[in-house]
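Student: just to be clear, the model below is a prediction. Sequence and coordinates:
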Amino acid sequence: MEQANVVIIGGGVVGTAIAWELSGRTDDIFLLEQAPKLGMATSSRNSGVVHSGIYYPPEYLKARLCVEGNILVKEFCAAHGVPHNNCGKLVVAAKEADIPELEKIMQNGIVNGVQGLRMVGRERIKEREPHIAAVAALEVPSTGIVAAEELVKTFARVASERGANILTNARVVSLDARGGAIAVGIEVGDPAEPDSLMREVVEARCVVNSAGLYADEVAALLGNKSYRIYPVRGEYAELVRSKANMVNALVYPLPHHDRLSLGVHLTRTLWDTVLIGPTARYVKEKNDYESDRQPLEDFWKGALALLPEVKLEDMRLAYSGIRPKLVPPDGHGMADFVITRDPNCPQAIHLVGIESPGLTSAPAIARLVAKMVAETLD
Ligand SMILES: Cc1cc2nc3c(=O)[nH]c(=O)nc-3n(C[C@H](O)[C@H](O)[C@H](O)COP(=O)(O)OP(=O)(O)OC[C@H]3O[C@@H](n4cnc5c(N)ncnc54)[C@H](O)[C@@H]3O)c2cc1C
């Protein structure tokens with residue numbers, strides 16, 4: 001049986017960032033990803049925004065890890081040539097009555113340690129975004145965008161250069177706590193060819209569950225049934241190429257009152273396309289990206305509120321992603337990231353509900369998890 005110090009389950013941005021962070025200081029690390037490629041789930045189906053940390057309650061892990069992650073992601077991108085752009089964003093008030101709400105967000109951001117926030121009027125909005133209709137805006141200079149898939153690949157490449165073992169087509173199917181270690185049962189091979197699948201076991205001194213949408217199911221392999229992840233789909237439309245010059249950077253409305261999402265916003269990507277979305281809707285399956293897609297007209301309504309000139313024919317449907325929510329459909333609002341040891345098996349660390357701003361927070365989450373891993377291995 002193979003021996004490991006650490007097994008990381010899940011090769012999304014969080015798992016690969018953890019492998020990168022640990023690989024400098026620990027040997028015998030395995031990262032196991034069930035899909036044939038890394039980062040194909042939520043980590044490559046998002047807006048690619050490096051958030052600032054203005055929205056989250058100051059006592060939340062999300063607030064601290066997002067502000068720290070914003071700096072770390074940019075440092076990592078600059079050091080390793082990952083495409084990113086520190087373009088800044090505007091959160092806009094459509095009417096005077098919305099301004100106090102914007103000011104509240106600004107105060108929350110200041111408490112969270114977000115730098116450079118300021119309220120701006122029509123003139124500055126026009127200078128930055130001439131096609132946007134708004135009476136005032138909160139300007140957030142630290143928000144940026146990143147090539148999310150490239151970020152995942154680069155975390156993994158550097159981790160593997162520093163000795164981490166990164167395996168794809170490797171699905172964790174059992175976790176068995178034995179004394180001070182955990183036996184990790186793995187199905188290796190392409191699930192499309194069941195005859196080729198092989199079973200292997202790695203004995204690990206520490207297991208990190210960063211299985212994204214499936215983190216509740218992975219925790220349950222250890223008998224821990226305390227989590228339930230609700231898949232919430234976020235769908236996007238985009239502006240057709242010839243209209244993409246209507247938006248220069250990132251423009252957000254006030255966050256949705258249901259606090260399920262930040263509201264349908266406009267994101268100019270690194271590829272000079274403009275995304276409109278994401279929407280937020282509970283779905284039954286964790287891998288159902290396409291059934292019953294929302295019509296283009298739904299996106300048009302949201303876009304018109306920000307961009308009065310936009311026409312339905314200026315838009316087309318784009319991709320979708322699925323958020324791993326801890327809040328049930330009849331619940332209200334936001335839940336914090338859960339990063340905790342298993343109560344019955346402290347060598348296992350669960351990361352549950354790593355929804356937005358998980359892409360931004362990934363290297364800060366990795367630092368936190370690395371400390372917990374070090375305590376386990378000491
Ligand atoms: C629509 C949308 C927009 C978003 N926009 C942003 C944004 O702009 N900025 C931001 O900061 N965040 C954003 N997010 C959130 C961000 O994308 C996620 O927080 C982040 O990608 C989570 O990464 P992860 O590694 O935890 O999960 P994932 O990317 O889901 O990775 C988990 C991996 O675990 C693997 N896995 C699961 N079970 C097993 C198993 N048993 N064995 C082996 N492997 C397994 C899966 O195949 C998967 O690859 C957005 C999310 C959505 C859905």
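Tutor: Arrived safely, thanks for sending. Residues are numbered from 1 along each chain as shown.
Student: show me where pLDDT drops low in this structure?
Tutor: 257-260 (pLDDT under 70).
Student: mind redoing it with 90?
Tutor: Scanning the chain for pLDDT under 90 picks out 1-2, 24-25, 179-180, 190-196, 255-264, 301-302, 330-334.
Student: domain parsing for it?
Tutor: Segmentation of the chain into domains, based on automatic domain parsing, reads 2-45+149-228+334-377, 87-142+230-325.
Student: in the stretch 251-378 of the chain, which residue sits nearest the ligand?
Tutor: residue 358 (1.9 Å; CB to the nearest ligand atom). In short, each C-beta sits where N, CA and C put it, glycine included.
Student: on the three-state scheme, residue 287 is what?
Tutor: coil (DSSP: H, G, I helix; E, B strand; the rest coil).
Student: returning to that earlier point: pick the most deeply packed of the domains of the chain.
Tutor: Of all those, domain 2-45+149-228+334-377 has the most neighbours on average by mean count of other CB atoms under 10 Å, namely a mean of 20.
Student: end to end, how far does that one reach?
Tutor: End-to-end distance of domain 2-45+149-228+334-377 (CA to CA, to the nearest Å): 17 Å.
Student: how far away from the center of its chain is that domain?
Tutor: When distances are taken as CA atoms, centre = their mean, to the nearest Å, domain 2-45+149-228+334-377 is centred 15 Å away from the chain's centroid.
Student: residue 66 should be in a strand, yeah?
Tutor: No - looking at residue 66 with three-state DSSP, it is helix, so not inside a strand.
Student: what's the local residue count around it?
Tutor: Residue 66 has 29 neighbouring residues, counting by other CB atoms under 10 Å.
Student: now it, nearest residue through space, not along the chain?
Tutor: residue 53 (3.8 Å; CB to CB, 6 or more residues apart in numbering).
Student: so what's residue 182 up against?
Tutor: 7, 175-176, 203-204, 206-207, 222, 345, 347-348 (CB atoms under 8 Å, 6 or more residues apart in numbering).
Student: so residue 124, which state does it fall into?
Tutor: helix.
Student: in contact with residue 337, which residues?
Tutor: By CB under 8 Å, 6+ apart, the residues touching residue 337 are 60-62, 65, 351-354, 358, 361, 365.
Student: mind putting the residues you listed into JSON lines with secondary structure?
Tutor: Shown next, in JSON lines, are the contacts of residue 337 (three-state DSSP):
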{"residue": "60", "secondary structure": "coil"}
{"residue": "61", "secondary structure": "helix"}
{"residue": "62", "secondary structure": "helix"}
{"residue": "65", "secondary structure": "helix"}
{"residue": "351", "secondary structure": "strand"}
{"residue": "352", "secondary structure": "strand"}
{"residue": "353", "secondary structure": "coil"}
{"residue": "354", "secondary structure": "coil"}
{"residue": "358", "secondary structure": "helix"}
{"residue": "361", "secondary structure": "helix"}
{"residue": "365", "secondary structure": "helix"}
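Student: what helices or strands is the strand or helix carrying residue 305 leaning on?
Tutor: Assigned by DSSP states H and E, residue 305 belongs to helix 296-306. Counting contacts by 3 or more CB pairs under 8 Å, 6 or more residues apart in numbering; DSSP states H and E, helix 296-306 packs against strand 230-239, strand 265-268, strand 274-277, strand 315-325.
Student: count the neighbours of the residue nearest to residue 66 for me.
Tutor: Neighbours of residue 53 using other CB under 10 Å come to 27.
Student: list the contacts of it.
Tutor: 62-63, 66-67, 70, 109, 112-114, 357, 360.
Student: cross the residues you listed against helices and list the overlap.
Tutor: 62-63, 66-67, 70, 109, 112, 360 (DSSP state H).
Student: show me which residues of the stretch 51-200 of the chain are close to the ligand?
Tutor: 51, 171-172 (CB under 6 Å from any ligand atom).
Student: thinking again about what came up before, mind checking if the helix holding residue 305 is in reach of the ligand?
Tutor: No - using CB under 6 Å from any ligand atom, helix 296-306 stays clear of the ligand, with a minimum separation of 13.4 Å.
Student: how about residues contacting that helix?
Tutor: By CB under 8 Å, 6+ apart, helix 296-306 touches 92, 94, 132-134, 236-237, 251, 253, 263-266, 276-277, 279, 310, 312, 315-317.
Student: partners of the nearest residue to residue 266 once chain neighbours are set aside in the sheet?
Tutor: Distance criterion CB to CB, 6+ apart; nearest residue to residue 266, sequence neighbours excluded, is residue 251 at 4.4 Å. Note on residue 251: beta-bridge partners residue 90, residue 266, judged by DSSP bridges.
Student: does residue 251 touch residue 89 like I think?
Tutor: Yes - the criterion here is CB atoms under 8 Å, and residue 251 meets it with residue 89 at 6.9 Å.
Student: tell me where the stretch 151-300 of the chain has helices.
Tutor: For the stretch 151-300 of the chain, the helices defined by DSSP state H, counting those that start in this stretch cover 215-220, 296-306.
Student: can you list contacts of the helix or strand hosting residue 31?
Tutor: Assignment of secondary structure by DSSP H and E places residue 31 within strand 29-32. Here strand 29-32 makes contact (CB under 8 Å, 6+ apart) with 2, 4-11, 15-16, 18-19, 22-23, 156, 159, 163-167, 170-172, 184, 186, 202, 204.
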